[in-house]
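# Using only what follows, build the 3D model:
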Amino acid sequence: MNGIVAAFGATGLYYAGFSIFKLAADRIEPLRANRLLRMALAILGNWVFLLGLTLVLGGLALQIVALSEVSLAIGVPIFMSGVIPLLLIALAFFGERLTGR
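Numbering: from 1, shown residues only. Coordinates of the predicted model:
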């Protein structure tokens, strides 16, 4: 696999997974850290969260492939290029607001 294609694929999978994590967080009950077993069951029983986790882990696998084939000087800018589409997704679909802070 071409390292540059793997880097763009990793970026796409990461940010798609992060967007799905946001959807899962909106659907899950409020969690408390002092109830670890209940928190783990609520998270692992949420299929939307598991889908996001699968995408993020796929992105991690592609990132490992990309970093083994291209230099950091090429890979890191590609990985960071996904921040702008993620911002646009947050503004358009999740109602986030962009402020000066």
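# where do the helices sit along this protein?
3-27, 36-44, 47-69, 72-80, 83-93 (DSSP state H).
# Can I get the ones you listed in CSV including mean neighbour count, distance to residue 100 and mean pLDDT?
Any C-beta I mention is one placed from the backbone N, CA and C, and that applies to glycine too. Shown next, in CSV, are these (neighbours: other Cβ atoms under 10 Å; distance: least, Cβ to Cβ, whole Å; pLDDT from 0 to 100):
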stretch, mean neighbour count, distance to residue 100, mean pLDDT
helix 3-27, 18, 23, 88
helix 36-44, 12, 34, 82
helix 47-69, 17, 30, 92
helix 72-80, 14, 22, 87
helix 83-93, 13, 14, 82
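# can I get those helices in CSV with distance to residue 99?
As requested, those are exported to CSV (distance: least, Cβ to Cβ, whole Å):
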stretch, distance to residue 99
helix 3-27, 18
helix 36-44, 30
helix 47-69, 26
helix 72-80, 22
helix 83-93, 12
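# looking at those, which is closest to residue 101?
Taking Cβ to Cβ, helix 83-93 is the member of the helices of the chain nearest to residue 101, at 14.4 Å.
# and the closest one, how far out from the chain's middle?
12 Å (Cα atoms, centre = their mean, to the nearest Å).
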